[in-house]
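>>> no FASTA, just this:
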């Protein structure tokens, strides 16, 4: 099954636990108890709990979808409708615009700060590795230093959209000197297409997150980046509701309990993201 709103194919594990849903064009309508139901507090509670929790993620292979896969495996009774987003229609915008209840996304975007009705919880730091083809001059390395990125060109077509993802890669480029090539691919920007092109290139690299499911390719080499390791910051963004959704407490408790704050000290993040993840400013 493939959503029209996503370049990714949803896998059977996710479909076993959720309703797969194309994102609505309009804000979610509130679930309102009838006059008879309002006379019975239990009925009111039942109505308010009856609507599924709508959560947007970047895509079926990205780290936040893997996080949700684990959560749903641990909570098979969770009533959650997961929406797969795209680089051009982001999960961040979906929750800001009221089309979902919550979203996993980067909280910061200089061009569109979070409004007051959205709160953010640190969820996951997806540490980045280099992906190169077997004939690339870096293919034999066991790691690269962050400072060495200044001689590289990274092909990241998903960063070519006006979004928080593009903003992150601009920050990474400014800090390290890496050139970000956002040229689109004739066959689209699916991860498979990116990996295929990189596998044949002797000059281009791209990035793969540690928590993201990278398509396997025999001619791709994954190289850790160190001192420090860059990471893409993923937060759980929550839309303010008059009555908190019954499914939300379990999800926020899970995200709070599983966020690995110990790993944060060893990563590079753009300056505006650091305080949310408990990090000091760069020296």
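Arrived safely. Not measured: the values here are computed from a predicted model.

>>> Just the pLDDT for residue 182.
On pLDDT, residue 182 comes in at 95.

>>> scratch that, residue 66
95.

>>> Find the residue closest to it in space, skipping its chain neighbours.
Spatial nearest neighbour of residue 66, excluding adjacent residues (C-beta to C-beta, 6 or more residues apart in numbering): residue 211 at 5.8 Å. Backbone N, C-alpha and C define where each C-beta goes, glycine included.

>>> What segments of the stretch 151-283 of the chain are strands?
All strands of the stretch 151-283 of the chain, identified by DSSP state E, counting those that start in this stretch, fall at 153-155, 179-181, 204-209, 220-226, 229-239, 267-268.

>>> follow-up on the earlier one: contacts only, for the residue nearest to residue 66.
The contact partners of residue 211, by C-beta atoms under 8 Å, 6 or more residues apart in numbering, come to 63, 66, 67, 124, 126, 127.

>>> all helices of the stretch 151-283 of the chain, in order?
164-176, 191-200, 248-258, 271-274 (DSSP state H, counting those that start in this stretch).

>>> Name the residues of the second one that are buried.
Neighbour-count burial for helix 191-200 flags 191, 192, 193, 194, 195, 196, 197, 198, 199 (criterion: 16 or more other C-beta atoms under 10 Å).

>>> quick revisit: export the strands of the stretch 151-283 of the chain as CSV, with columns for mean neighbour count.
Shown next, in CSV, are the strands of the stretch 151-283 of the chain (neighbours: other C-beta atoms under 10 Å):
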stretch, mean neighbour count
strand 153-155, 19
strand 179-181, 16
strand 204-209, 23
strand 220-226, 17
strand 229-239, 24
strand 267-268, 20
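
>>> between those strands, which one is nearest to residue 259?
strand 229-239 (9.2 Å; C-beta to C-beta).

>>> That closest one - what's its average pLDDT?
On average, strand 229-239 scores 97.

>>> Stretch 54-63 now?
Stretch 54-63 comes out at a mean pLDDT of 93.

>>> picking up where we left off before, of the contacts of residue 211 - the most surrounded one?
Among the contacts of residue 211, the one with the most neighbours (other C-beta atoms under 10 Å) is residue 124, at 25 neighbours.

>>> you'd agree that residue is up against residue 66?
No. Under the criterion of C-beta atoms under 8 Å, residue 124 makes no contact with residue 66, lying 9.0 Å away.

>>> where are the low-confidence patches of the stretch 1-150 of the chain?
1-50 (pLDDT under 70).

>>> Please enumerate the helices of it.
Under DSSP H, counting those that start in this stretch, the stretch 1-150 of the chain gives helices at 12-15, 35-38, 41-50, 63-74, 91-96.

>>> how close does residue 236 sit to residue 68?
10 Å (C-beta to C-beta, to the nearest Å).

>>> repeat for residue 53
Counting by C-beta to C-beta, the gap from residue 53 to residue 68 is 11 Å.

>>> what do you get for residue 106?
Distance, residue 106 to residue 68, by C-beta to C-beta: 17 Å.

>>> Same drill for those two, tell me which one is more crowded.
Using other C-beta under 10 Å, the more surrounded residue of residue 106 and residue 68 is residue 106, with 25 against 22.

>>> ok, residue 250 touching residue 78?
Yes. In this structure, residue 250 is within contact of residue 78 by C-beta under 8 Å, at 6.7 Å.
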